[in-house]
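Undergrad: Fold the following and give me the result.
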Amino acid sequence: MRSYFEFAGRTRTLAVTFAATAAFLVLVFPNLPIGGEMLDMKPGYSHEEAMASMEEYGPSGRTTYAWASAVLDTLFPVIYVTFLAGLIYRFRLTEGTWILAFIPVVAGLGDLAENAQITAMLLQYPNVGAIQVAWASAFTLVKGWILPVCLILGLGLLLVALLRGGIRAIRDSRGGD
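TA: Prediction:
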């Protein structure tokens, strides 16, 4: 797994996965013609709310959402996990903190579980049980908590690296004062 993190932390990989993550978030998901807000973009939902959303989507929207969840939203976690894990790995403070790069992997696994539940619900509609919705909503909530932590951690480590580099550059320009 460490070789994956090393790959993810390369400059080119970080640039490509950042651009792909941004494209999915700005261009792809907001423009899916499903007829309502995606369940996995909500902060959680009850059985009644999920059923109302799926009714709002209509047959065409449910089909589009199921396809997108099974295909696009399976690819998306791979991309953002690679970006976030690479960012955390690349800018880790000490050699021992590389293990923090596993946090986005956990988020991605939760996202994939969420996608499987949502796809199943969309395909089973209207025969969707409350327990299945509860599991899907729970995975959505976990993802909603872990992803911001990953983003803050990655950006915080990047900021520390930039500050250290700036301080080092100033020190070097003064002849090591």
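Undergrad: Run through the neighbouring helices and strands of the lengthiest helix in the chain.
TA: Longest helix in the chain by number of residues, with DSSP state H as the criterion: helix 130-173. Contacts defined by 3 or more CB pairs under 8 Å, 6 or more residues apart in numbering; DSSP states H and E place helix 130-173 against helix 47-70, helix 72-90, helix 102-124. Quick note: C-beta positions are derived from backbone N, CA and C, even for glycine.
Undergrad: Tell me, how many residues neighbour I99?
TA: By the criterion of other CB atoms under 10 Å, I99 has 13 neighbours.
Undergrad: An error on my part: the question was meant for L109.
TA: By other CB under 10 Å, 16 other residues sit near L109.
Undergrad: who's in contact with stretch 24-44?
TA: With contacts defined as CB atoms under 8 Å, 6 or more residues apart in numbering, stretch 24-44 is touched by 45, 49-50, 53, 56-58, 60-62, 64-65, 68-69, 72-73, 76, 79-80, 111, 114-115, 118, 121, 136-138, 140-141, 143-144.
Undergrad: If any of those are buried, put those into a ChimeraX selection.
TA: The following ChimeraX line selects those of the contacts of stretch 24-44 that are buried, judged by 16 or more other CB atoms under 10 Å:
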select :45,50,53,57,61,62,64,65,68,69,73,76,79,80,111,114,115,118,121,136,137,140,141,143,144
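Undergrad: Lowest-scoring secondary structure element of this protein by mean pLDDT?
TA: The helix or strand of the chain with the lowest confidence, counting by mean pLDDT, DSSP states H and E, is helix 130-173 at a mean of 90.
Undergrad: one step back: quick one: closest of the helices and strands packed on helix 130-173 to P148.
TA: Taking CB to CB, helix 102-124 is the member of the helices and strands packed on helix 130-173 nearest to P148, at 9.7 Å.
Undergrad: how near is C150 to M121?
TA: Separation of C150 from M121 (CB to CB, to the nearest Å): 26 Å.
Undergrad: To clarify, my last question referred to M38.
TA: According to CB to CB, M38 and M121 sit 12 Å apart.
Undergrad: returning to that earlier point: columns distance to L25 and mean pLDDT on top of the helices and strands packed on helix 130-173, output as TSV?
TA: Below are the helices and strands packed on helix 130-173 laid out as TSV (distance: least, CB to CB, whole Å; pLDDT from 0 to 100):
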stretch	distance to L25	mean pLDDT
helix 47-70	14	97
helix 72-90	9	97
helix 102-124	13	96
